[in-house]
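# following is a predicted model, sequence given first.
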Amino acid sequence: MLTMMTLFKSLVRCKLEYCCPLWNPSKISDIQTIEKVQKQFTKKINGLQELDYWEHLLRLKLLSLQRRRERYSIIHVWKVYHGFAPNNIGLKFYTSPRLGTRVTIPKFNHQAQSSYSTAYDNSFAIKAARLWNVLPKSVNSITLLEPFKAGLGSFLNQFPDKPPVIGYTPPNSNSLLHWCATGGNGVCAIDAESSCNPCQTPQKRKKYRLRLCVDTTA
């Protein structure tokens, strides 16, 4: 098992994740296609053949490729904030005494065409900013990279990880945003001042779930 996972991580997964914050897909069919690679690989490991893919992730203590792409996006925002990566998309940060560092979500003209709305939701500047704004102050205030990664990992482990794969019916899109919006782990740290806050009223939560950064169309 250890040899198989070492080969997968060093020879396969690194290619699937190269520059993934840039091309992170939103369509469920694309997410399924990429996730299928890890699903087929883990299925070959002795003792896992009879288990479903979600059980594979638990047994191997793996994140889905979908969850790892969201993790990379959050880490890139951290690097931008701390000056380790250029802020060439103009992310604007501010500090909340209660919630720590936040990213301002640019307002969207809701009179625009629906195609513009999809492009807006799926852009890195919006999707990554929304993911960052989910983090609690105890995580987003960490100033060193490795401790930040450790804190982020502990936070992500609070959420179920059931990615959309062919032949399975996931409870939702599996995006961190969706789990938070539906109270999947009993925690919601999205800033009340943010334009993407789903936690103000049940009506707004329902509306927000319809505009998550994951496109449910094939």
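Everything's here; your move.

# can you get me a residue count around the residue lying closest to Lys44 once chain neighbours are set aside?
Leaving aside its chain neighbours, Lys44 sits nearest to Met4 (7.0 Å; criterion: C-beta to C-beta, 6 or more residues apart in numbering). (Each C-beta comes from the backbone N, C-alpha and C, glycine too.) Residues near Met4, counting by other C-beta atoms under 10 Å, number 14.

# do Gly47 as well
Neighbour tally, Gly47, other C-beta under 10 Å: 8.

# how about it, secondary structure?
coil (DSSP: H, G, I helix; E, B strand; the rest coil).

# what residues are up against it?
Met1 (C-beta atoms under 8 Å, 6 or more residues apart in numbering).

# and the helix or strand hosting the residue nearest to Lys44, which residues are buried?
Assessed by DSSP states H and E, Met4 sits inside helix 2-7. Residues Met5 are the ones in helix 2-7 that count as buried (16 or more other C-beta atoms under 10 Å).

# same question for that helix, mean pLDDT?
The predicted model assigns helix 2-7 a mean pLDDT of 85.

# from the centroid of the chain, which residue is nearest?
Nearest to the geometric centre of the chain sits Glu70, at 2.9 Å (C-alpha atoms, centre = their mean).

# which residues of the protein fall in strands?
93-96, 100-103 (DSSP state E).

# out of these, deepest packed?
Here the criterion is mean neighbour count by mean count of other C-beta atoms under 10 Å, and of these the winner is strand 100-103, at a mean of 20.

# how distant is it from the center of its chain?
Mean-position distance between strand 100-103 and its chain equals 17 Å (C-alpha atoms, centre = their mean, to the nearest Å).

# then stretch 118-128?
Distance, centroid of stretch 118-128 to centroid of chain: 12 Å (C-alpha atoms, centre = their mean).

# what residues of that stretch count as buried?
Buried, per 16+ other C-beta under 10 Å, within stretch 118-128: 120-122, 124-128.

# quick revisit: quick one: closest of the strands of the chain to Pro25.
Closest approach to Pro25 among the strands of the chain (C-beta to C-beta): strand 100-103, 21.7 Å.

# where does the prediction get shaky in this structure?
Applying pLDDT under 70 to the chain flags the ranges 110-112, 114-115, 183-218.

# all helices for it, in order.
2-7, 14-16, 20-23, 28-43, 53-60, 65-81, 114-122, 124-132, 137-140, 145-156, 176-181, 202-209 (DSSP state H).

# redo the ones you listed as a markdown table? Include distance to Val103.
Output for the helices of the chain, formatted as a markdown table (distance: least, C-beta to C-beta, whole Å):
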| stretch | distance to Val103 |
| --- | --- |
| helix 2-7 | 34 |
| helix 14-16 | 27 |
| helix 20-23 | 14 |
| helix 28-43 | 24 |
| helix 53-60 | 29 |
| helix 65-81 | 7 |
| helix 114-122 | 15 |
| helix 124-132 | 4 |
| helix 137-140 | 10 |
| helix 145-156 | 15 |
| helix 176-181 | 13 |
| helix 202-209 | 17 |
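
# which of those helices is buried the deepest?
helix 176-181 (a mean of 23).

# dump that one to PDB, restricted to CA.
What follows is helix 176-181, C-alpha atoms only, in PDB (Å, rounded to 0.1, in the frame of the first residue of the first chain):
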ATOM      1  CA  LEU A 176     -16.100  23.500   1.100                       C
ATOM      2  CA  LEU A 177     -18.400  26.400   0.400                       C
ATOM      3  CA  HIS A 178     -21.400  24.100   0.000                       C
ATOM      4  CA  TRP A 179     -20.700  22.200   3.200                       C
ATOM      5  CA  CYS A 180     -20.400  25.400   5.100                       C
ATOM      6  CA  ALA A 181     -23.600  26.800   3.600                       C
END
